[in-house]
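>>> okay, sequence plus prediction incoming.
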Amino acid sequence: MNAYREAYETAKVQAIIAACSTIPGYWATVYFIDRVGRVKIQIMGFFFMAMGLLAIGIPYDKYWVNNLNVGFMFLYGLTFFFSNFGPNTTTFIVPAELFPARFRSTCHGISAAAGKVGAIIGSVGFLWATHKMIIPKGSNDSFVGVSWWDLHCGMMVTYFFTRETMGRSLEENENEDESTELCLFGCFADSSLRTNSTHSEIATA
């Protein structure tokens, strides 16, 4: 096909994926974010993205016996769903709630810029790094490699270094270090308990 037709077909597929997985993922986050919590949604998103990518990447060649496979497209769409019902949404919600008011815009911009730098580094160096990995024959090293990063880096960094902001005001989040434990190893604690602790300390004072 010519370049115009190829671009049209690519855009059509991307629109279908967005309509079936990406947009529902955003709405799922909107519904659950104040019921489940930011940290739990982000960890869950990384985990299910990794599982979906492993399910795609390990038996990769078997999906393309007939050049088209519904199972592949379903799992591929599922990874987009949990990307948006996960880190793709929470990573711009949490910075807006955690940074102090006087620095919020600047720090949120720095945070977003760091994400873009990470995307550039990943797109340039990630495929090279995955080629060094030992994976089963017939598997796709890119999908398997991304799942490894989701499980080891995404989930671990979220668990140990991301604070839960559910049920807390901006002022409580801003005074986190003064009223509660440090984030390391304490971020996954129940936010309602930490909020009640903060209120009791204020009342006692």
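Cool, got the structure.
>>> distance between the helix ranked longest in the chain and the chain's centre?
Using DSSP state H, we find that the single longest helix of the chain is helix 104-130. When distances are taken as C-alpha atoms, centre = their mean, to the nearest Å, helix 104-130 is centred 13 Å away from the chain's centroid.
>>> remind me what it packs against, helices and strands.
helix 87-98, helix 141-149 (3 or more C-beta pairs under 8 Å, 6 or more residues apart in numbering; DSSP states H and E). C-beta: built from backbone N, CA, C; applies to glycine.
>>> list the buried residues in the longest one.
When burial is assessed from 16 or more other C-beta atoms under 10 Å, helix 87-98 yields the following buried residues: 87-91, 94-95, 97-98.
>>> same deal with stretch 44-60?
Those would be 44-58, 60, for stretch 44-60 by 16+ other C-beta under 10 Å.
>>> where's the dip in pLDDT among these?
Within the buried residues of stretch 44-60, pLDDT reaches its minimum at residue 60, with 76.
>>> how far away is that one from residue 53?
Note on residue 60: its distance to residue 53, by C-beta to C-beta, to the nearest Å, is 10 Å.
>>> what do those two both touch?
residue 143 (C-beta atoms under 8 Å, 6 or more residues apart in numbering).
>>> so which residue is dead centre in this protein?
For the chain, residue 87 is the residue whose C-alpha lies nearest the centre (C-alpha atoms, centre = their mean; 2.0 Å).
>>> you'd agree that residue is up against residue 44?
No - using C-beta atoms under 8 Å, residue 87 is not in contact with residue 44, being 9.8 Å away.
>>> hey, where'd the helices end up in the protein?
Under DSSP H, the chain gives helices at 3-17, 23-36, 38-57, 60-63, 70-84, 87-98, 104-130, 141-149, 155-161, 170-174, 176-179, 191-204.
>>> and those, which is most packed in?
Among these, helix 38-57 has the highest mean neighbour count (mean count of other C-beta atoms under 10 Å), at a mean of 22.
>>> what's that one packed up against?
Checked by 3+ C-beta pairs under 8 Å, 6+ apart, helix 38-57 has helix 23-36, helix 70-84, helix 87-98, helix 141-149, helix 155-161 packed alongside it.
>>> cutoff 6 Å now
Judged by 3 or more C-beta pairs under 6 Å, 6 or more residues apart in numbering; DSSP states H and E, helix 38-57 is in contact with helix 70-84, helix 87-98, helix 141-149, helix 155-161.
>>> now those in JSON lines, with distance to residue 26 and mean pLDDT?
Shown next, in JSON lines, are those (distance: least, C-beta to C-beta, whole Å; pLDDT from 0 to 100):
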{"stretch": "helix 70-84", "distance to residue 26": "5", "mean pLDDT": "87"}
{"stretch": "helix 87-98", "distance to residue 26": "6", "mean pLDDT": "86"}
{"stretch": "helix 141-149", "distance to residue 26": "21", "mean pLDDT": "76"}
{"stretch": "helix 155-161", "distance to residue 26": "19", "mean pLDDT": "87"}
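>>> adding distance to residue 11, write those helices out as JSON lines.
Formatted as JSON lines, the helices and strands packed on helix 38-57 follow (distance: least, C-beta to C-beta, whole Å):
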{"stretch": "helix 70-84", "distance to residue 11": "16"}
{"stretch": "helix 87-98", "distance to residue 11": "20"}
{"stretch": "helix 141-149", "distance to residue 11": "22"}
{"stretch": "helix 155-161", "distance to residue 11": "33"}
